[in-house]
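Participant: fold the following for me, if possible:
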Amino acid sequence: MPYLRDHSKWFLIMGSINMFLCVALGAFGAHGLKASLPPDLMAIYHTGNQYHFYHSLGLFAVTLASGFFPGSRLIGWSGGFILAVGGGSVLDAAKFIAAAVPFEGDTWDILLKGGRNIDKALPFGTVLTLPATGSEMNNGSVITRRDIGAKLAFRSRHLFPVFSVLDPTKTYTLPVKQLANGVVDAFVHTVEQYLTYPVNAPVQDRFAEGLLQTLIEIGPRLLAAPEPVYDDRANLMWTATLALNGLIGAGVPQDWATHMIGHELTAQHNIDHARTLAIVLPALLNERRVQKRDKLLQYGARVWGITSGTIDERITAAIDQTRDFFERMGIPTHLSAYGLGADAIDLLVAQLEAHGMTKLSEHGDLTIDVSRRILEAAL
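Facilitator: Reported below is the predicted structural model:
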């Protein structure tokens with residue numbers, strides 16, 4: 001990788017499912033990244049799913065599973081490049097670090113202002129090992145602070161990767177749970193930009209419908225395969241990238257209420273991101289069936305082949321098919337499956353309000369009261 005060799009020092013961020021390591025490394029010389037990694041680091045590069053920590057070259061470790069703490073200015077970092085090896089959380093951490101290193105002031109302000117205060121960032125590249133978030137080809141990031149129960153998003157034009165390596169074989173050691181998460185995450189990313197209201201954007205609609213149909217086709221196969229199938233892993237990886245690289249959302253209204261509500265579930269109860277989406281989306285679609293009527297009918301007909309029955313029957317069938325797909329992917333769609341009852345809703349609603357999530361949806365009319373009804377319907 002000539003770009004890396006041109007820098008005297010760079011950061012490697014490696015990831016597994018639950019633990020992430022940030023290490024400052026010196027340049028490795030002329031043989032390139034892969035040939036130069038020490039054995040412990042090479043193990044992570046190859047698998048993306050092992051708990052290895054390599055300290056002899058490192059400064060410190062950052063554990064995202066227990067809460068990445070972006071609460072003060074990062075000091076002691078010197079270097080010109082970040083390489084993120086892992087899934088979406090690792091890539092998102094790299095984006096935060098890339099913005100935080102040159103940032104003047106409290107780095108939590110980056111999250112509070114949604115990245116609008118970022119005026120520069122370190123360059124970074126990514127090696128993707130868990131396809132789901134699309135972070136490898138967009139300028140957004142989401143960071144969780146467990147100490148205050150907050151999960152906030154930010155973005156900036158300075159936070160596009162310089163390059164991303166998408167090698168499907170790097171997903172071969174992923175457990176089934178993470179494959180299922182990746183499928184559902186990409187599915188809901190697509191829905192957030194598609195299931196709104198018609199704006200005469202047939203190209204964007206057909207792009208989105210093709211991605212949804214691909215995920216419906218390959219999702220069950222990914223779970224059932226006794227050994228990894230390269231083509232299915234490759235199609236998952238590419239679909240997840242296209243679901244959130246800006247293509248299908250160009251020129252169309254977008255929702256994202258499912259994500260905003262889901263973020264609070266992750267922040268408060270540590271439920272995997274994709275699984276929060278599977279809880280919220282069916283209940284949200286049912287709550288918003290009037291506002292989303294035309295696109296729900298289109299979605300039912302084009303994606304699920306639902307063309308008979310009354311309008312209400314077709315909408316209900318489309319929502320039921322969506323819920324059933326998530327369940328077939330092994331992902332529960334009710335809060336009760338995670339031991340949560342009605343007593344959990346007040347705090348979730350309070351956090352939505354505290355984070356300014358009071359006018360959500362493509363229409364800006366999804367209020368706190370509507371969010372409460374959605375969560376109650378998801379019990």
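Participant: which parts of the stretch 101-250 of the chain are strands?
Facilitator: Applying DSSP state E, counting those that start in this stretch to the stretch 101-250 of the chain gives strands spanning 124-128, 140-145, 150-155, 163-166.
Participant: among these, which comes closest to Ala350?
Facilitator: Minimum separation from Ala350 across the strands of the stretch 101-250 of the chain (C-beta to C-beta) falls at strand 150-155, 12.2 Å. Backbone N, C-alpha and C define where each C-beta goes, glycine included.
Participant: for the closest one, name the packing helices and strands.
Facilitator: helix 108-112, strand 140-145, helix 257-269 (3 or more C-beta pairs under 8 Å, 6 or more residues apart in numbering; DSSP states H and E).
Participant: could I get the average pLDDT for that strand?
Facilitator: Mean per-residue pLDDT for strand 150-155: 88.
Participant: quick one, that strand and helix 257-269 angle?
Facilitator: Interaxial angle, strand 150-155 versus helix 257-269 (axes from the mean of the first three to the mean of the last three C-alpha atoms, to 10 degrees): 140 degrees.
Participant: quick one: least confident helix or strand in the chain?
Facilitator: The helix or strand with the lowest mean pLDDT-type score in the chain, counting by mean pLDDT, DSSP states H and E, is strand 20-26 (a mean of 35).
Participant: can you point out the buried residues in stretch 265-282?
Facilitator: 265-269, 271-282 (16 or more other C-beta atoms under 10 Å).
Participant: ditto for stretch 171-186
Facilitator: 171-172, 174, 177-186.
Participant: likewise stretch 114-121?
Facilitator: Under 16+ other C-beta under 10 Å, the buried positions of stretch 114-121 are 115, 118, 121.
Participant: now the last one: how far from Ile311?
Facilitator: As judged by C-beta to C-beta, to the nearest Å, Ala121 and Ile311 stand 48 Å apart.
Participant: repeat for the second one
Facilitator: Distance, Ile118 to Ile311, using C-beta to C-beta: 45 Å.
Participant: pLDDT score assigned to the closest residue to Asn235 other than its chain neighbours?
Facilitator: In this structure, Asn235 finds its nearest non-sequential neighbour in Ile218, 5.4 Å apart by C-beta to C-beta, 6 or more residues apart in numbering. Looking at Ile218, its pLDDT is 98.
Participant: follow-up on the earlier one: would you turn the buried residues of stretch 171-186 into CSV with pLDDT and distance to Met260?
Facilitator: Formatted as CSV, the buried residues of stretch 171-186 follow (pLDDT from 0 to 100; distance: C-beta to C-beta, whole Å):
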residue, pLDDT, distance to Met260
Thr171, 94, 28
Tyr172, 95, 33
Leu174, 93, 27
Lys177, 95, 24
Gln178, 94, 23
Leu179, 97, 25
Ala180, 97, 22
Asn181, 96, 19
Gly182, 96, 21
Val183, 98, 21
Val184, 98, 17
Asp185, 97, 15
Ala186, 98, 18
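Participant: now the two most distant members of these.
Facilitator: The widest separation within these (C-beta to C-beta) is 20.0 Å, between Tyr172 and Val184.
Participant: out of the buried residues of stretch 171-186, which is nearest to Thr239?
Facilitator: For the buried residues of stretch 171-186, the nearest to Thr239 is Ala186 (5.6 Å; C-beta to C-beta).
Participant: returning to what we had before: nearest to Ile331, of the helices and strands packed on strand 150-155?
Facilitator: The nearest among the helices and strands packed on strand 150-155, by C-beta to C-beta, is helix 257-269 at 12.3 Å.
Participant: same for that closest one, what does it pack against?
Facilitator: strand 140-145, strand 150-155, helix 176-194, helix 273-287, helix 345-354, helix 368-377.
Participant: and of the ones you listed, who's closest to Asp320?
Facilitator: Taking the helices and strands packed on helix 257-269 one by one with C-beta to C-beta, helix 273-287 is closest: 8.1 Å.
Participant: what's the closest one in contact with?
Facilitator: 88, 132, 142, 180-182, 184-185, 188, 191, 195, 257-259, 261-263, 265-266, 271, 292, 296, 316, 318-319, 322-323, 326, 331-335, 338, 370, 373-375, 377-378 (C-beta atoms under 8 Å, 6 or more residues apart in numbering).
Participant: measure the spatially closest residue to Leu130 that is not a sequence neighbour to Val229 for me?
Facilitator: Setting aside the residues directly before and after it, Leu130 is nearest to Gly87 in space (C-beta to C-beta, 6+ apart), at 2.9 Å. To Val229, Gly87 is 20 Å away according to C-beta to C-beta.
Participant: and the two? which has more neighbours close in?
Facilitator: Gly87 (28 against 16; other C-beta atoms under 10 Å).
Participant: hmm, Thr129 and that one touching each other?
Facilitator: Yes. Taking contacts as C-beta atoms under 8 Å, Gly87 lies within contact range of Thr129: 5.9 Å.
Participant: now Leu179. Nearest residue, chain neighbours left out?
Facilitator: Leu179's closest residue in space is Leu222 (C-beta to C-beta, 6+ apart), at 4.8 Å.
Participant: can you report how many residues lie near the one you found?
Facilitator: Leu222 has 22 nearby residues by other C-beta under 10 Å.
Participant: and the pLDDT at it?
Facilitator: For Leu222, the predicted pLDDT is 98.
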